[in-house]
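Undergrad: Quick one: sequence plus predicted model below, questions after.
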Amino acid sequence: MTIKRNLNRYILFTAVILLCASCKDMIAIPDPINTITTDKVFENDSQANSAMTGAYSQLINEEGALNFGNGLTTSLGSMGADELSLSSSSPNPYYSNKIPTEDYTTRALWVGAYSNVYNANAIIEGISASTSAKLHTEVRIKLTAEAKFLRAYSYFYLVNLFGDVPLALSADFNKTAKMTRTPKAEVYAQVIKDLQDAKANLSADFSGSQLGERIRANKWAATAMLARVYLYTGDYANAAAAATEVIDQSALFELRPDLNEVFLKNNKEAIWQLQQSNLISPRGNATPEGYAFRAFPAVIPGQYYGYRVANELVQVFENQDQRKSSWLMPVAIAGTTTYYVNKYKIGLGNSAVNAPITEYYTMLRLAEQYLIRAEAITLGNQQLDPAIKDLNVIRARAGVTELPMGLSKAAVVLAIEKERRTEFFLEWGHRWLDLKRTGKAHDELSVISVKQPWAGDYQLLYPIPVSEIQSNNNLTQNPGY
């Protein structure tokens, strides 16, 4: 597997795209982390912290060609599910779920995610190899834990998007170049181990970030991610327990009563956010998803850009649901009401380079923990009223009628699906992954007109990039491609 080689290609390709997109804007691409040496970077606390900051930055600030961490996962997942509709008559393989075997876009997911894995491995190994007394023990422990968290986060998406994937735990190209695909269960076991290590060794507050911002992983980010992974792997007792641990941190976290505040930087619903650069043109101070999805007001009057919300999603919201009024924007186009995403308030029409940043890119937030706990309680065959209470916490914030106690298990399962759909639409592919993990993807998606004729359930996993298979004959393609 040419992880290291592909990282270099990706950075070069990104630079070319940036140059082509705007000849007036010269963006300085920082040196990739794979050029660092142990004696240079891991000699003291400050330099090692800078390496970690760079790893976070690459998740969000690789601009030009969309990357795994700067909106591409959400874009593809939302198109593949039932959250977005075509904005033109041109065919699009992501809406129709007919993805070609050799495709740059899905390859960018693979390369971007493995770039993040590589960065994490480089930090872990660099810290371990450093003999400098200026790199103090507490910093070594903390940064290693953060790197493990980032590695786990990337692998969570890799296994859910591609299935079995090579489990690279080293930055040494000689060890990773010819790896075979690791069974999904083994990858998940490593993800859980990394998150448990991160939880044990990260601080329980936000003191690790400058000014206490929520832009570095801490113990509760690791715990929140563990809750999600436990849910996905069917460990319902641990999923509920981990979610409860996070929910109980009321001094740090709370649901924002105003839905328009949920994506503001450092708000108390945020468990982990990423800080975007406001110097990248043309995105400016917008988050990646704000810039990609919030395409109004139009740059040219009367024209509308970006992603339109599918009617299948719009129709799910109850009449008084404030998520619809706060997070969707109706626009009259040719006498028809069309909805656009309005979760992030800074987007294409109102972002500016070097303007103040008011929103950060939200990676984990508290509302998910209530819905994880509700689902874990329900599927774990526990008494259902506590699950209904968790659902009602989310519904009350949205301004919709509370569910009655005493519902059947089947009714609670459907209520959880609906709340996840209306709460987490166009956030990191939640709906796409939910449909797949619950076995409902075929029934829900195959009947959508733009996806017919249904090519086959094989398309619920993305193709392994052909270029990777050509470079590593130990890799095999996903069936159907």
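TA: All right, it came through fine.

Undergrad: Going by C-alpha atoms from here, please, whenever you check contacts or count neighbours.
TA: OK.

Undergrad: Apart from its chain neighbours, what residue comes closest to Val341?
TA: Among residues not flanking Val341 along the chain, Leu328 sits closest, at 4.8 Å (CA to CA, 6 or more residues apart in numbering).

Undergrad: Touching, the one you found and Asn342? I think so.
TA: Yes. With contact taken as CA atoms under 8 Å, Leu328 and Asn342 are classed as touching, separated by 4.8 Å.

Undergrad: would you say Pro330 is within a helix?
TA: No. Counting by DSSP: H, G, I helix; E, B strand; the rest coil, Pro330 is not part of a helix but strand.

Undergrad: Let the chain start at 375 from now.
TA: Right, with 375 as the first residue, what we last looked at is Pro704.

Undergrad: and the residue nearest to Val715, what does it touch?
TA: Leu702 sits next to Tyr713, Tyr714, Val715, Asn716, Lys717 when contact means CA atoms under 8 Å, 6 or more residues apart in numbering.

Undergrad: Over to the residue sitting furthest away from the middle of the chain: give its phi and psi.
TA: In the chain, the residue that sits farthest from the middle, by CA atoms, centre = their mean, is Ala507; the gap is 36.6 Å. Main-chain torsions, Ala507, degrees, to the nearest 10: phi -70, psi -10.

Undergrad: for the stretch 625-774 of the chain, what are the low-confidence residue spans?
TA: Within the stretch 625-774 of the chain, the segments meeting pLDDT under 70 span 669-680.

Undergrad: what about the helices in it?
TA: 662-667, 685-688, 696-701, 740-753, 759-772 (DSSP state H, counting those that start in this stretch).

Undergrad: Restrict the second one to CA atoms and write it as PDB.
TA: When you say that, I think you mean helix 685-688. What follows is helix 685-688 as a C-alpha-only set of coordinates in PDB (Å, rounded to 0.1, in the frame of the first residue of the first chain):
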ATOM      1  CA  ASN A 685     -37.500  16.100  -0.600                       C
ATOM      2  CA  GLU A 686     -37.200  12.700   1.200                       C
ATOM      3  CA  LEU A 687     -35.400  14.600   4.000                       C
ATOM      4  CA  VAL A 688     -37.600  17.700   4.100                       C
END
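
Undergrad: can you list contacts of that helix?
TA: In contact with helix 685-688 (CA under 8 Å, 6+ apart) are residues Asp456, Glu457, Ser459, Lys698, Tyr713, Arg795, Thr796.

Undergrad: Distance check, the closest residue in space to Asp477 that isn't next to it in sequence against Leu633.
TA: Distances taken as CA to CA, 6+ apart put Pro839 closest to Asp477, at 7.2 Å, once the chain neighbours are dropped. Distance, Pro839 to Leu633, by CA to CA, to the nearest Å: 39 Å.

Undergrad: between the two, which one's more packed in?
TA: Each of Pro839 and Leu633 has its neighbours counted (other CA atoms under 10 Å); Pro839 has more, 23 against 16.

Undergrad: before we move on, back to that, output the contacts of Leu702 in CSV; the columns should cover distance to Thr447 and neighbour count.
TA: Conversion of these to CSV gives the following (distance: CA to CA, whole Å; neighbours: other CA atoms under 10 Å):
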residue, distance to Thr447, neighbour count
Tyr713, 21, 22
Tyr714, 18, 23
Val715, 16, 26
Asn716, 18, 22
Lys717, 17, 24
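
Undergrad: Take the residues you listed and write them to TSV, including distance to Lys814.
TA: TSV is the format used below for the contacts of Leu702 (distance: CA to CA, whole Å):
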residue	distance to Lys814
Tyr713	25
Tyr714	26
Val715	24
Asn716	27
Lys717	26
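
Undergrad: Narrow those residues to those in strands?
TA: Using DSSP state E, the subset of those located in strands is Tyr713, Tyr714, Val715.

Undergrad: residues near the nearest residue to Tyr718 once chain neighbours are set aside, how many?
TA: If you skip the residues right next to it in sequence, Tyr718 has Gly664 as its closest partner in space, 5.0 Å away by CA to CA, 6+ apart. Other residues near Gly664 number 24, with proximity taken as other CA under 10 Å.

Undergrad: Over to His510?
TA: Using other CA under 10 Å, the number of residues around His510 comes to 12.

Undergrad: again with the one 4 residues further on
TA: Counted with other CA under 10 Å, the neighbours of Arg514 add up to 21.

Undergrad: Now it: closest residue in space that isn't a chain neighbour?
TA: Ranked by CA to CA, 6+ apart and with sequence neighbours excluded, the top spatial neighbour of Arg514 is Ile501, at 6.3 Å.

Undergrad: cool, and Lys810?
TA: For Lys810, ignoring the flanking residues on the chain, the nearest one in space by CA to CA, 6+ apart is Leu834 at 7.2 Å.

Undergrad: Give me the phi and psi angles of the one you found.
TA: For Leu834, the backbone dihedrals are phi -70, psi -10 (criterion: degrees, to the nearest 10).

Undergrad: Distance check, it against Phe799.
TA: Look at Leu834 and Phe799: by CA to CA, they are 18 Å apart.

Undergrad: in what helix or strand does Gly780 lie?
TA: Secondary structure assigned from DSSP states H and E places Gly780 in neither a helix nor a strand.

Undergrad: In a helix, Lys810, correct?
TA: Yes. Secondary structure of Lys810 (three-state DSSP): part of a helix.

Undergrad: What is the neighbour count of the residue lying closest to Gly586 once chain neighbours are set aside?
TA: By the measure of CA to CA, 6+ apart, the closest residue to Gly586 outside its immediate chain neighbours is Phe580, 4.9 Å from it. Other residues near Phe580 number 21, with proximity taken as other CA under 10 Å.
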